[in-house]
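Q: the following block contains a protein sequence and its predicted model.
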Number of protein chains: 2
Amino acid sequence: MNQQAVYPRQPLQHHLYSAPLPHVSNLSPHQRTIQSFFIPDNLREQLTQRNEAQLMTTPARDLGLPMEVHVYHSLYPLDTHGEKSSSFYGHPSSVYKATCSVDGRTYALVRIEGFRLVNELAMQVVEAWRRIRHCNIVSIREAFTTRAFGDSSLIFAYDYHPCSTTIYSTYFTAQGQAALYNSQHQQSNGNPRLIPETTIWSYISQIASALKAVHGSGLAARVIDPKKILITGKNRIRLSGASILDVLQYDGVLNVARQQQEDLLSFGKLIIALACNSLQSFTDIAQSFEYIARYYSPDLKNLILYLLSKPLPTKNIDEIIVMIGPRILHEINCSQFYNDELESELSRELENGRLVRLMAKMGFINERPEFDMDPGWSETGDRYLIKLFRDYVFHQVDENGRPVVDMVHVLTCLNKLDAGVEEKIMLMSRDEQSCLIVSFKEIKNCIVSAFNDLTSGRK
Amino acid sequence: MNQQAVYPRQPLQHHLYSAPLPHVSNLSPHQRTIQSFFIPDNLREQLTQRNEAQLMTTPARDLGLPMEVHVYHSLYPLDTHGEKSSSFYGHPSSVYKATCSVDGRTYALVRIEGFRLVNELAMQVVEAWRRIRHCNIVSIREAFTTRAFGDSSLIFAYDYHPCSTTIYSTYFTAQGQAALYNSQHQQSNGNPRLIPETTIWSYISQIASALKAVHGSGLAARVIDPKKILITGKNRIRLSGASILDVLQYDGVLNVARQQQEDLLSFGKLIIALACNSLQSFTDIAQSFEYIARYYSPDLKNLILYLLSKPLPTKNIDEIIVMIGPRILHEINCSQFYNDELESELSRELENGRLVRLMAKMGFINERPEFDMDPGWSETGDRYLIKLFRDYVFHQVDENGRPVVDMVHVLTCLNKLDAGVEEKIMLMSRDEQSCLIVSFKEIKNCIVSAFNDLTSGRK
């Protein structure tokens, strides 16, 4: 990717939102750090980064990309390091973020390059996948062929999950291993590079849940592969690339039962790789099992043994879910706790959007230079109220004439204004020679009418 | 409760935030209703009501309540309809919301009236319960005896979950039945008063998950009772009253195994009651099973049969979790989807709090009457910048002199200001005779110093 082509932007300086130092955060129970009044740093940073990733853009022509592909525009490559992200059984592929002109949302487009669709029937399987909505599967929106890239490309459009990584890049690359090592350096009893067992069980629960949905729909996932499983958020994983292999390798013959057995086998291999923290662990099964037996619980070993056992009609995803039932409970507990946390954060941020709009409205109206000579804004006009109300909200002084800076007063007044309550307040003119008794409702009406005049171009 | 004693307050008029009419909401894919830009009505309403419930207060003396109980103050009764909410095996009890003076949080206090603690050892069980943190159990904080109410009371302090109802009041009262009937009136094929099977399975999963945690800690819940199970949010239930019976009925003898079997039996009775939508359903088991077989799946019937079977050492919560494994997957999927929804709402509200604080700061500073004659605010002073910047943000006009009301411009400017970026802008004086080139960083410094002067009382 050509770095010069990207618009200059001002990234948020996340390190400036710094955490309190230990000697400050070590407070008495009744004291609170300033941070505790706001959304936690890591959550805010994660959400902000996702918002930013979604808005990331660059002129398509600088990257040699088409301006428009079907209903999608503003293509932006998601492949990292300028490499092709992956190939699907020999077909080169790329991934782009794009905005859909129909609904304005952002999608991830997987492009299979130079692929000529022989049989239109192959696309029918996409319809079956479309019906699966599952929190551990990246949903597919549609698939189509296009010549917009100058070749014959097959495009699969998926929901876009900003800032996702893959299991492969998180655990099986040099950077991933280093990060894991650092995160566990402190607590290095036993092997320091171990992925915690709770994390592995969480992944197992999520993949099993996804496979249950897929197999239950008479399909096979065929993508239980560290490079195709995304980590899309706090410990949340999702199978990606749904239906691609079904279309690419379509031959009219149904092999779903065999492919489902292969899913279970790949599932087993993935767990071994995670537990041994190495993709090569499958080459020496005996040694890997010895390792797993030493560092993990027998339940994990038994599950892997079952998954790697000979394919049988009785070996299916339902059996696995029965085996891992109790572990799923832990997963649900974590998810619910996270729900509680999010609800509580959201309830604190809830009314701010409304207040921003209200204060912006007052900003648009008050002190406009072009109204300086306007009789509507004179000291007799109706709109004079708005000015006095602004003074009432922001410019209170105490008995010694010192400014009162009281956020509670501001918020209370603005909330009452927004609700338009009947409560009356006394507004004083600046020379203290006259005063007006008005209700919040009347002030609200003044603001609404002044703002309407403003936006309609009248004065 | 004496209604006159409550402070007058201005409730939010939730019905004024009205939903779009069907002919308006039936839009083309590229159109969006104004509602879609904001947080969904029901979620906002729920969160606002919880915030309000938490702040609800009244002078304690008007209610004949003590000003302070141990470290708790601002007691507010939670019993509805002025009745005692419940009794624990003959002991009259009341529930209060109270604020803890140690950490400033709100707790729910359950008061067992006129109870004399004979054996201090009974309180040890509370310590075991304290260690259980589970998303389907109301956590206990502490238990203590007090004479603050004028009698000898035993107090249990729990986490407070605002706006909770019980399973009893939601399903087994006349209002509850009517609400259920109304909600299903449209889709009344079959029996219209049925609780949906997915809801029942959701409750089963949550109670089983809670029981697993309790039994796993060597305790018994003893509160699987429609009046003691709270619904604390969107389909979330929690067992309440943890440890109360253990303390009240303490006799030094351990009966945990028997009590755990009783938990399973009560669990079975609760499910029958929910499925038949009647607390009397247990009196005619045969008829109830016939009813359940007609309207619900065989899995549900089998689970109930197991729960009601004879107590045996092999009958335990683990077996139940294996039985309901696949249903738990559905539960986890719902919970994760709700997580996604909350994360996306939160990411939209994220920066509003910051903008509110920033705009309030500018409101405090600009146009203060007492600075009218101040040389610092004259057209040569540093702070004059702030005024011109305000004009730049809010008072733009187009080439015909018409006001430009552009929220994007406002937000961009404020964000750059908050970040203090080096980007320079040109500020024009009102008479258009002079102009200044300044960076957002310089303006930020001016605002910070002006606000500091304001709050420190200097001018």
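A: Sure thing, it's come through. Numbers count the residues shown, from 1 in each chain, chains lettered A, B, ... in the order given.

Q: where in chain A is pLDDT low?
A: Across chain A, the ranges flagged by pLDDT under 70 are A:1-38, A:60, A:80-89, A:183-192, A:370-381, A:457-459.

Q: what residue spans form the domains of it?
A: A:53-179+A:193-315, A:349-456 (the TED database).

Q: give the closest residue to residue A:66 in space, chain neighbours not counted.
A: Across the structure, with CB to CB, 6 or more residues apart in numbering or on different chains as the measure, the residue nearest residue A:66 apart from its sequence neighbours is residue A:148 (4.2 Å). C-beta coordinates here come from the backbone N, C-alpha and C atoms, glycine included.

Q: and the domains of chain A as TSV, adding mean neighbour count?
A: Rendered in TSV, the data for the domains of chain A read as follows (neighbours: other CB atoms under 10 Å in any protein chain shown):
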stretch	mean neighbour count
domain A:53-179+A:193-315	17
domain A:349-456	16
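
Q: ok, which of those comes nearest residue B:260?
A: Taking CB to CB, domain A:53-179+A:193-315 is the member of the domains of chain A nearest to residue B:260, at 22.6 Å.

Q: endpoint to endpoint, that closest one covers what distance?
A: From the first residue to the last, domain A:53-179+A:193-315 extends over 42 Å; the measure is CA to CA, to the nearest Å.

Q: got it, and stretch A:125-137?
A: Note: stretch A:125-137 ends 16 Å apart using CA to CA.

Q: any part of it near chain B?
A: Yes: Stretch A:125-137 comes into contact with chain B (CB under 8 Å from any CB of the partner chain), by way of A:134-136.

Q: please flag which of the residues you listed sit within strands.
A: Mapping those onto strands (DSSP state E) picks out no residues; all lie outside.

Q: return the closest of the residues you listed with respect to chain B.
A: Nearest to chain B out of the residues of stretch A:125-137 next to chain B is residue A:135 (CB to the nearest CB; 3.6 Å).

Q: which residues touch that closest one?
A: A:209, A:236, A:238, B:332-333, B:336-337, B:339-340 (CB atoms under 8 Å, 6 or more residues apart in numbering or on different chains).

Q: ok, so of the residues you listed, who is nearest residue A:43?
A: residue B:339 (12.1 Å).

Q: what packs against the strand or helix carrying that closest one?
A: Residue B:339 belongs to helix B:317-349 when elements are defined using DSSP states H and E. With contacts taken as 3 or more CB pairs under 8 Å, 6 or more residues apart in numbering or on different chains; DSSP states H and E, helix B:317-349 sits against helix A:41-55, helix A:197-216, helix A:317-349, helix A:352-365, helix B:197-216, helix B:256-276, helix B:298-308.

Q: dump those to TSV, plus distance to residue B:61.
A: As requested, those are exported to TSV (distance: least, CB to CB, whole Å):
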stretch	distance to residue B:61
helix A:41-55	42
helix A:197-216	51
helix A:317-349	31
helix A:352-365	35
helix B:197-216	39
helix B:256-276	41
helix B:298-308	49
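
Q: which of these sits closest to residue B:449?
A: Of the helices and strands packed on helix B:317-349, nearest to residue B:449 by CB to CB is helix A:352-365, at 21.3 Å.

Q: so the closest one versus helix B:352-365, what angle?
A: Going by axes from the mean of the first three to the mean of the last three CA atoms, to 10 degrees, helix A:352-365 is angled at 30 degrees with respect to helix B:352-365.
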